[in-house]
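Engineer: I would like the atomic coordinates for the input below:
(one chain, ligands or ions: 2)
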Amino acid sequence: MSDEGGGSASLRVCNPNLELAEPAGGSYFVSTYPPFSAWSGAGGREWRHRLDTPRSKPSSVPLGLYVHIPFCVDRCHYCYYLSHDDRLDDLDRYIRALESELELHARTPALGGRELDFVYFGGGTPSLLSAARIERLMSALQDVWSWHSTREVSFECAPRSTTTKKLEALRDWGVTRISLGAQQMNDEVLRANGRVHLTADVEAAYRDIREVGFAVVNVDLIVGLVGETDETFDSSLERIVELEPDSVTIYQLEIPLNTPLWSSLQHGEVPTIASWATKRDRLRRAFDRLERAGYAQASAYAAVRDPERHRFLYQIEQYHGADLLGIGASAFSHIDGFNQQNLPDLGEYLERVEDREPPLFRVYESTPEECMIREFVLQLKLGRVERAYFAEKFGIDLERRFATPLSDLEARGWLGVDDDHVTVTREGLLRVDRMLQSFYLPEHRGIRYS
Ligand SMILES: C[S@@+](CC[C@H](N)C(=O)[O-])C[C@H]1O[C@@H](n2cnc3c(N)ncnc32)[C@H](O)[C@@H]1O
Ligand code: SF4
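Structural biologist: Ligands and ions are numbered 1, 2, ... in the order given. Now for the predicted structure:
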């Protein structure tokens, strides 16, 4: 496996302190700040205190709910998400635990009485739940916390696990956005990466989803999978463009160290895999192709048909400081600057919730400055950051606060600063997760992500 690394001599001359080289293995995608490895097992008492303290005035900050479903039919070789393919007997017990966990939070003074703005079901594979279990889960959650003012309810689906009956149940319980994990449209590549579905399954699932009818349908792809070539990737994208989804999300393959793919690479059991430079080339071409087909780039990873109608609220609201309550094993929450992650071990999670105890794993209380950095780096992933928003909300001038990294990255052609905005260029977006470290506090640069 080769890695171009971004750390060429000319880059190092710009700023020797920037951590811009991409890792051969390890996590790459940034979903929060500070990195999870800075969170700590202590702090549970402060977290409970935060939830037990009534807000002095009603919060205008949007609140979202994330529900983690940690089950899959089989594990894909590259996947690092918490999920089990050998614990399907625990499904009913798990659904009861989700309901109990939500009850614990719904009664707290900090959250009780607030409306949910958006809901996201992620996994794992939420669509492997049967129609009956979907009904039970949705009705249990909505009994505890009404969804009458939610603006978006997203649900992740894997091909082969969707049926018309399940999709109708989802639509009837208020799901507005389906995200279908195609990953690639080439059967050999799908098999080589341990996917349980083939190309025909993606097309069948997509047809059913459209027939049942949802406001937004997104398709996920990964660039850089084992066995992929320029040709297989480009033709995969062509097939997706023909389907005309509302949104196409393309992730660059990352290879966390706890994945079977990483072990296979270490043992020389897998042929060469695309370098970061190759992934960027393919992705650059993909966004050009999507633009020619009428899509507009909405973030570093996604292109949408209609930027107004296909806004992805779960992402946009979180990137603008919304509160998020995560339930389920390993789910994480961000409430009023306080970050918390649930226990990742399924057995421990179930036992703790069954004892009516919060299943706390690790916690981090952010300072106001860390909240500002979190929002800034996350908003950079959307391609454009409003300077006035940061002046008003945090009382800072972005150009002055981040003068050195901004001018370094501008010199590389990865972003631009004008009177109103910091705008990330296409080249910047192609490597945005690595670039974000330049804005971290020194103690968080170069540390493990998770
Ligand atoms: C939880 S999975 C999606 C739902 C469903 N389980 C599936 O795989 O179709 C969320 C998305 O993360 C992306 N993903 C998973 N592992 C990845 C990796 N190692 N590198 C990049 N993207 C990854 C995939 O595109 C996947 O659709
Ligand atoms: S990529 Fe999706 S289906 Fe594959 S193991 Fe991960 S969560 Fe499960």
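Engineer: Run through the neighbouring helices and strands of the host helix or strand of Gln142.
Structural biologist: Using DSSP states H and E, Gln142 sits within helix 131-144. Under the contact criterion of 3 or more C-beta pairs under 8 Å, 6 or more residues apart in numbering; DSSP states H and E, helix 131-144 touches helix 91-106, helix 164-172. Using the backbone N, CA and C atoms, a C-beta is placed for each residue, glycine as well.
Engineer: What confidence value was assigned to the closest residue to ligand 1 within the chain?
Structural biologist: Across the chain, the shortest distance to ligand 1 (C-beta to the nearest ligand atom) belongs to Gly181, at 1.9 Å. We note a pLDDT of 98 for Gly181 in this prediction.
Engineer: swap in the one 10 residues further on?
Structural biologist: In the prediction, the pLDDT value recorded for Arg191 is 97.
Engineer: can you check Ala303 too?
Structural biologist: For Ala303, pLDDT reads 98.
Engineer: Confirm it sits in a helix?
Structural biologist: No - counting by DSSP: H, G, I helix; E, B strand; the rest coil, Ala303 is not part of a helix but strand.
Engineer: So what sits opposite it in the bridge?
Structural biologist: Val248, Gln297 (DSSP bridges).
Engineer: residues contacting it?
Structural biologist: Ala303 is in contact with 247-248, 287, 290-291, 295-297, counting by C-beta atoms under 8 Å, 6 or more residues apart in numbering.
Engineer: one more time with 10 Å, if that's ok
Structural biologist: Contact partners of Ala303, counting by C-beta atoms under 10 Å, 6 or more residues apart in numbering, are 245, 247-250, 286-287, 289-291, 293-297, 310.
Engineer: how close does Leu180 get to Arg160?
Structural biologist: When distance is defined by C-beta to C-beta, to the nearest Å, Leu180 is 11 Å away from Arg160.
Engineer: Which positions in stretch 98-112 come out as buried?
Structural biologist: Within stretch 98-112, the residues that count as buried by 16 or more other C-beta atoms under 10 Å are 98-105, 108, 110-111.
Engineer: Equivalent analysis for stretch 44-55, please.
Structural biologist: Neighbour-count burial for stretch 44-55 [16+ other C-beta under 10 Å]: 44, 47, 50-51.
Engineer: So which of those reach ligand 2?
Structural biologist: Within the set of these, contact with ligand 2 (C-beta under 6 Å from any ligand atom) is found for no member.
Engineer: List the ones among those residues that fall in helices.
Structural biologist: Among those, the ones falling in helices (DSSP state H) are 44, 47, 50-51.
Engineer: anything in stretch 229-242 near ligand 1?
Structural biologist: No - Stretch 229-242 stays clear of ligand 1 (C-beta under 6 Å from any ligand atom), getting no nearer than 12.5 Å.
Engineer: Show the contacting residues for Tyr206.
Structural biologist: Contact analysis of Tyr206 by C-beta under 10 Å, 6+ apart lists 157, 159, 162, 178, 180, 182, 217, 219, 240, 243-245.
Engineer: hmm, 8 Å instead?
Structural biologist: Counted by C-beta under 8 Å, 6+ apart, Tyr206 has contacts 180, 217, 219, 243, 245.
Engineer: can you check Arg93 too?
Structural biologist: Contacts of Arg93 by C-beta under 8 Å, 6+ apart are Leu350.
Engineer: how deep is the closest residue to ligand 2 within the stretch 151-300 of the chain tucked in, by neighbour count?
Structural biologist: Nearest to ligand 2 in the stretch 151-300 of the chain, going by C-beta to the nearest ligand atom, is Ala158, at a distance of 5.0 Å. Residues near Ala158, counting by other C-beta atoms under 10 Å, number 27.
Engineer: Do you know the pLDDT at it?
Structural biologist: So, for Ala158, pLDDT stands at 97.
Engineer: before we move on, what about Leu265?
Structural biologist: 89.
Engineer: repeat for Ala9
Structural biologist: pLDDT, read off for Ala9, is 27.
Engineer: in which helix or strand would I find His148?
Structural biologist: Under the criterion DSSP H and E, no helix or strand holds His148.
Engineer: Measure how buried the nearest residue to it once chain neighbours are set aside is and give me the count.
Structural biologist: Of all residues not flanking His148 in the chain, Glu115 sits nearest, at 7.8 Å (C-beta to C-beta, 6 or more residues apart in numbering). When neighbours are counted by other C-beta under 10 Å, Glu115 registers 13.
Engineer: Contact partners for the nearest residue to Glu370 once chain neighbours are set aside?
Structural biologist: In space, and not counting its chain neighbours, Glu370 is closest to Pro34: 6.1 Å by C-beta to C-beta, 6+ apart. Residues counted as contacts of Pro34 (C-beta under 8 Å, 6+ apart) are 364, 366, 370, 374, 440-441, 444.
Engineer: Pro34: what secondary structure?
Structural biologist: coil.
Engineer: and the gap between it and Tyr449?
Structural biologist: Pro34 is 10 Å from Tyr449, by C-beta to C-beta.
Engineer: What residues does this structure have near ligand 2?
Structural biologist: Checking the chain against ligand 2 by C-beta under 6 Å from any ligand atom, the hits are 72, 75-76, 79, 81, 83, 123-125, 158, 181.
Engineer: out of those, who has the most neighbours?
Structural biologist: Within these, neighbour counts (other C-beta under 10 Å) peak at Ala158, which reaches 27 neighbours.
Engineer: picking up where we left off before, average pLDDT for the helix holding Gln142, rounded please.
Structural biologist: Averaging pLDDT along helix 131-144 yields 97.
Engineer: Which residues does that helix contact?
Structural biologist: Counting by C-beta under 8 Å, 6+ apart, 65, 67, 91-92, 95-96, 98-99, 102-103, 106, 129, 163, 165-166, 168-170, 173-174 sit against helix 131-144.
Engineer: picking up where we left off before, can you add distance to Gly428 and give the ones in helices among the buried residues of stretch 44-55 back as CSV?
Structural biologist: Listed next are those as CSV, based on distance: C-beta to C-beta, whole Å:
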residue, distance to Gly428
Gly44, 39
Trp47, 35
Arg50, 36
Leu51, 38
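Engineer: Make a markdown table from those and add pLDDT and distance to ligand 1 to it.
Structural biologist: Below are those laid out as a markdown table (pLDDT from 0 to 100; distance: C-beta to the nearest ligand atom, whole Å):
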| residue | pLDDT | distance to ligand 1 |
| --- | --- | --- |
| Gly44 | 76 | 27 |
| Trp47 | 81 | 26 |
| Arg50 | 78 | 28 |
| Leu51 | 83 | 27 |
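Engineer: Considering those residues, which is situated nearest to Arg87?
Structural biologist: Using C-beta to C-beta, Gly44 comes nearest to Arg87 of these, at 25.8 Å.
Engineer: for that closest one, what are its contacts?
Structural biologist: Gly44 sits next to 358, 360, 363 when contact means C-beta under 8 Å, 6+ apart.
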